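> got a sequence here, can you build the structure:
(chains A and B)
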Amino acid sequence: MTDAAAELRGISKRFDAVVANDGVDLVLRRGTIHAVMGENGAGKSTLMSILFGLLRPDSGQILVGGVERHFRGPLDAIAAGLGMVHQHFRLFDSMTVAENVVYGAEPRRRGRLDRTAAAERVRELSDRYGLDTDPDSVVGTLSAGARQRVEILKALHRDAEILILDEPTAVLTPVEVDSLFAVLRRAADEGATVVLVTHKIHEVLAISDEVTVLRDARVTGRFRTAEATGSALVQSMTGREVTEVANAGTGEPGDEALQVTGLTVVDRGVHRVRDVSFTVRRGEIVGVAGVSGNGQREVVAAILGTGSAESGEIRLLGRDVASLDVRRRRAIGLAVVPEDRRGEGMAVTMTTAENLALGHHRTAPIGASRGWRRGWLSLRAQRDMARRLIADYDVRTSGERQPVGALSGGNAQKVVIARELSHRAPVLIAEQPTQGVDIGAIESIHQRLLDYRRDGGAVLLVSHEIAELQALADRVLVMFAGRIVAEYSRADATTARIGAAMAGTGESSRSEGGAS
Amino acid sequence: MHVFEWGFVAAVLLAATPVLYAALAGALSAQVGVFNIALEGQMLWGAFAAVAGSYYTGSAWAGIGIAVLSSAIFSVVLAVGAARFRADPIIIAIGTNLLALGLTGFLMRVLFDVSGTFSPRGLQGLPAMSFLRDIPVLGPVFGGQTVLVPLAFVLCIAAGLWLRSSVGGLRLRGIGEHAAAAASLGVNVARTQTWTTIVGGALCGLAGAQLALGNVTVFTENMTAGRGWIAVAAVMLVGNRPLWVPIACLGFGAAEAFGFRLQGLGAPQQLTDAAPYAITLLVLVATRIRFGAARRALSS
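So this is what the prediction gives:
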């Protein structure tokens, strides 16, 4: 129907021994939305970096508008009509939207920055593409969705005809996702070409016109979205059928293992958590939905003991833990898979074996609390445990002595999960347990959590992924602005309801005093 | 003695001026993300160069020029090291501060064969703007000052306006806030950081020149006596608001002038010498406690 806005032919790129792209072809038709799919490490980021001039290919051609290009850097790519919205925004928080948009390509009047023209430009682009953005807002005060629109405006201001978005929905609420997709569709209708890098199948099916799937550095599938099915996409992404695991809802929950009552957290004068109460029982997974920054982290920190609570009570297996430090709380029966995997979940420069032993180092067989061995580790026991867990959890590593920081995201997460689950603590807090993890690993992590529940564990699952909560949780709590604004049973936890509650626009659906 | 008189205002401005030049240099560096604690050494080097320049040429104006030029050159170490070779600016700055202290003392001995104080007969200081003497207010405030005193405040305001409303200022601010974002939009981060730091060096040259040829007409070893560090404190105090730099520096100037007054009233010299530094410390701690919480809450 239309010609190619850009084309990549036979792109290959290797980093030392690792082949990131191996003869990849990609055709981006003008006026379409093209999804580039693949698991982590499949090569999609490398491919986009090559298209945008951030990396140079070892071999292959880049054609833009039918002309071969050799980009020396992103500025060449921008000049050729490409624009990229990075997953992590590159914005100046203290400046206004207009200043951010025009930075580096400013309208001038008599040598000075022409703020009127800049604001006018933002308004014009904003109206044309339905971006609904006020040029005079200070960027630091905006929501993630609005900040992303500023990034899109930056590209449009530079007359980008090909817009690359890297995992653009990771930070958005469902409502924001819908409005982003509306903007992208409008841009495509106006003749722009949109490249969407993602690993979320339902998004690909919802918005794209065409799909290119990468696996292990190669193209393993090309589809017109209208003719594609979810299972076909998964199969070409993973090379196999993936059975989605789900909570069958069987079994009755047991005793109350974690009780939070009236928890309020005030951080430097700001209420982060307001009067939050909930209970997690044995044999139950309670999900917590919410856009990040709505108090979830503070709730977890208060339970774990790394953050302080203004008021409220936290009971672990019936014991008030207010006066206990992290170590004692864990000793009572608490395990945690933190959201910040590299910062909190592990010590990146230490070996896989050492990371697996963390927290087990005071108890036999690795450590000892009394006797002559007190204060010393049994390296043999540490190694044995590491080998067992590596095999058990199918961690892909060159050996237990490999630094954990060198593992891929999914394998590093398996290390954290293996370590925490092997405490067999009655209460497990899992924050974003599958963030940045491949589909195959997601499946196995989900299965582990369900096994934990079956064996009588109480799980608090904090996640941005509504689908994950729907698959695993017995109940879903939704946090917004520091409060639990909604609670849904398994049957009622529809995407529309959770999404509305996450955006703070849902009807209040939690009965008064209904802590559980 | 009156509580308020124009002479006191003049004394405040005089004490504030060298600190103000250095603080302006530090604030500009901060805008491009270089934490510059080499101000003390650059100012000291500027003071020495100003005196040596004036001594050899017989002209205080030439002394200023030489101070500006040689302080700018002196700051190239920090500028190129931190911006281009991505070395730690703190380490380089500590090195240059120590170098300035040692080198000025050494050169004093080698070139002038004196130690401690160099004050040759006929050393030209900067002239006061005595033509203002008969004008009310301006006369008593600026009549005894060198032109570098009002210039410091003019430069501060000009720099503040430039940062706010020029294209170059916008780009400068962006670099300090998010260098990677600025680079991704085609701004040459390392080059801007380099030149901003060198301009800061030139300003420190003016600070030194005012100190050694304006406030007094003499060079003494370590004559900056921590003024560069007060400037660093002022930069930290005002954070991201360079237009507030003069206010912070006036506070320091007031403390120093007040100290002199107390000395005149018979207070022990050690106490009055320490006063401006103690007051700076108190203000720094107090504002951190008072505003720090709100600022952190805003930024998170």
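
> I figured A:Leu477 hits A:Ile285, correct?
No. Taking C-beta atoms under 8 Å as the definition, A:Leu477 is not a contact partner of A:Ile285, at 11.5 Å. Quick note: C-beta positions are derived from backbone N, CA and C, even for glycine.

> sticking with residue 251, tell me its helix or strand.
Picking chain A for this. A:Gly251 belongs to no helix or strand when assigned by DSSP states H and E.

> actually chain B
helix B:245-264.

> check B:Ala274 too.
helix B:269-299.

> returning to that earlier point: in the helix holding B:Gly251, which residues are buried?
B:245-246, B:248-260 (16 or more other C-beta atoms under 10 Å in any protein chain shown).

> now do stretch A:52-62
A:52-55, A:57, A:60, A:62.

> then stretch B:201-217?
For stretch B:201-217, by 16+ other C-beta under 10 Å, it's B:201-215, B:217.

> with stretch A:473-486 instead?
Neighbour-count burial for stretch A:473-486 [16+ other C-beta under 10 Å]: A:473-480, A:482-486.

> let me know the closest of those to chain B.
A:Gly482 (13.8 Å; C-beta to the nearest C-beta).

> which residue is the nearest non-sequential neighbour of the closest one?
With C-beta to C-beta, 6 or more residues apart in numbering or on different chains as the criterion, A:Gly482 has its nearest non-adjacent residue at 4.0 Å, and that residue is A:Gly295.

> might you report the residue contacts of that neighbour?
A:265, A:272-274, A:276, A:479, A:481-483 (C-beta atoms under 8 Å, 6 or more residues apart in numbering or on different chains).

> ok, now with 7 Å
Neighbouring residues of A:Gly295 by C-beta atoms under 7 Å, 6 or more residues apart in numbering or on different chains: A:272-273, A:479, A:482.

> determine which two of these are furthest apart.
A:Arg272 and A:Met479 (10.5 Å; C-beta to C-beta).

> in chain A, which residue is most central in space?
Nearest to the mean C-alpha position of chain A, by C-alpha atoms, centre = their mean, lies A:Gln435 at 4.4 Å.

> checking the spatially closest residue to that residue that is not a sequence neighbour next. Helix, strand or coil?
The shortest distance from A:Gln435 to any non-neighbouring residue, by C-beta to C-beta, 6+ apart, is to A:Glu339 (7.1 Å). Of the three states, A:Glu339 takes coil under DSSP: H, G, I helix; E, B strand; the rest coil.

> residues contacting A:Glu339?
A:Glu339 neighbours (C-beta under 7 Å, 6+ apart): A:297, A:431-432.

> how long is stretch A:299-316 end to end?
14 Å (C-alpha to C-alpha, to the nearest Å).

> buried ones in it, by neighbour count?
Here stretch A:299-316 shows A:299-305, A:307, A:309, A:312, A:314-316 as buried, counting by 16+ other C-beta under 10 Å.

> close to chain B, is that stretch?
No. For a cut-off given as C-beta under 7 Å from any C-beta of the partner chain, stretch A:299-316 has no contacts with chain B; the smallest distance is 13.3 Å.

> let me see the ranges of the helices in the stretch 351-500 of chain A.
A:352-357, A:379-392, A:409-421, A:439-454, A:466-472, A:495-502 (DSSP state H, counting those that start in this stretch).

> please identify the deepest-packed of the ones you listed.
helix A:352-357 (a mean of 25; mean count of other C-beta atoms under 10 Å in any protein chain shown).

> okay, now residue 140: neighbour count?
Answering for chain A, as no chain was given. 14 (other C-beta atoms under 10 Å in any protein chain shown).

> nope, chain B
17.

> before we move on, what about the one 5 residues further on?
When neighbours are counted by other C-beta under 10 Å, B:Gln145 registers 21.

> quick check, it in a strand?
No. Using three-state DSSP, the assignment for B:Gln145 is coil, not a strand.

> and it, what does it touch?
B:10, B:13-14, B:128-129.

> can you check B:Leu185 too?
Contacts of B:Leu185 (C-beta under 7 Å, 6+ apart): A:103-104.
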